[in-house]
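# Prediction below, plus the sequence it came from.
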Amino acid sequence: MEKTTVLIVEDETKLLKTLSDYLTMNHYKVYQASDGLSGIQEYTIHREEIDIVLLDVMLPFADGYEVLKQIRLSSNVPVIMLTAKEEVEDQLKGFSYGADDYIIKPYSLSVVRMHIEAVLKRLGFNQNMLYAGDIRIDINAKKVYVNDRYVETTPREFELLHILVRNRETVLTRDFILDNIWGYHYAGDVRTIDTLVKQLRKKLGKASYIRTVYGVGYCFEVKGHEKAD
């Protein structure tokens, strides 16, 4: 079973360890950061792996709102804010920056886990499955289904679709896609990605939600395309 990967950004050392140990014990993969700048750095390094972020509001060097703003510049990864503040204004501020949920301190570890599972379920994530419009991706079996009909893909096509769906509604450059499928040392042409996208679109048919962003790359968007021909 592929583990759900969590980034925890929390400056209270004891709480960070407790959360990390609890989630690890419950079969999550965990990355940690103890301040805002480290949180941004950890997310940047591991963004392809991270499924959800637990983000404290009060952090040194860069607060949680600033970290969230930086993440939202390039990603729609689910973010749950952890805060001791109960004021409605603070929660509204977090939501306005793109937070998906809020947990008020003090909290029980089981409540954190329930929030994680609820947010991922609401956004269509599953430890073994990804859902997007009419598309279902079986991560373990590396299989793609459109309206429950199996669509045969090559390993590269599967990886491309997986990356696009995980980063839905985010514009990904051709270089970014190339690096994440073939690796940073691949010396091939970025036009390889265009060919791969063309093949994938043909196979997905009406469920091809891949939008070309001319001069930049591609973006996976289901919204507005559900009834597209």
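It's in. Just so it is clear, the structure is predicted and the values come from calculations on it, not from any experiment.
# can you pull the contacts of the closest residue to Ile116 other than its chain neighbours?
Spatial nearest neighbour of Ile116, chain neighbours left out: Ile52 (5.9 Å); criterion: C-beta to C-beta, 6 or more residues apart in numbering. All C-beta atoms are positioned from the backbone trio N, CA, C, and that covers glycine. For Ile52, the contact set (C-beta atoms under 8 Å, 6 or more residues apart in numbering) comprises 4-7, 77-80, 116, 119-120, 125.
# ok, 6 Å please
If a contact means C-beta atoms under 6 Å, 6 or more residues apart in numbering, then Ile52 has 6, 78, 116 as its contacts.
# where does the residue nearest the centre of the chain fall, phi/psi-wise?
Residue closest to the average C-alpha location in the chain (C-alpha atoms, centre = their mean): Val77, at 3.5 Å. Dihedral pair for Val77: phi -50, psi 140, per degrees, to the nearest 10.
# quick one, phi/psi of the residue nearest to Ile116?
Backbone phi and psi, for Ile52 under degrees, to the nearest 10, turn out to be phi -160, psi 150.
# Beta-bridge partners for Tyr218, please?
Leu172, Thr212 (DSSP bridges).
# how close does it get to Thr173?
9 Å (C-beta to C-beta, to the nearest Å).
# Between those two, point out the one with more neighbours.
Using other C-beta atoms under 10 Å as the criterion, Tyr218 and Thr173 rank with Tyr218 on top: 25 against 15.
# how near is the more buried one to Ala132?
In terms of C-beta to C-beta, Tyr218 sits 14 Å off from Ala132.
# And for Asp175?
From Asp175 to Ala132 the distance is 23 Å (C-beta to C-beta).
# And the two? Which one has more around it.
Taking other C-beta under 10 Å, Asp175 and Ala132 do not tie; Ala132 has more neighbours (18 against 13).
# Just say helix, strand or coil for the closest residue to the more buried one other than its chain neighbours.
Among residues not flanking Ala132 along the chain, Val165 sits closest, at 4.9 Å (C-beta to C-beta, 6+ apart). Following DSSP: H, G, I helix; E, B strand; the rest coil, the label given to Val165 is helix.
# where exactly do the strands run in the protein?
5-9, 29-33, 52-56, 79-83, 101-104, 129-132, 135-138, 143-146, 149-151, 172-173, 210-213, 217-220 (DSSP state E).
# Using a markdown table, lay out the ones you listed together with mean pLDDT and distance to Glu89.
Formatted as a markdown table, the strands of the chain follow (pLDDT from 0 to 100; distance: least, C-beta to C-beta, whole Å):
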| stretch | mean pLDDT | distance to Glu89 |
| --- | --- | --- |
| strand 5-9 | 95 | 22 |
| strand 29-33 | 94 | 26 |
| strand 52-56 | 95 | 18 |
| strand 79-83 | 91 | 12 |
| strand 101-104 | 90 | 12 |
| strand 129-132 | 78 | 34 |
| strand 135-138 | 86 | 39 |
| strand 143-146 | 91 | 44 |
| strand 149-151 | 92 | 47 |
| strand 172-173 | 88 | 34 |
| strand 210-213 | 92 | 36 |
| strand 217-220 | 91 | 33 |
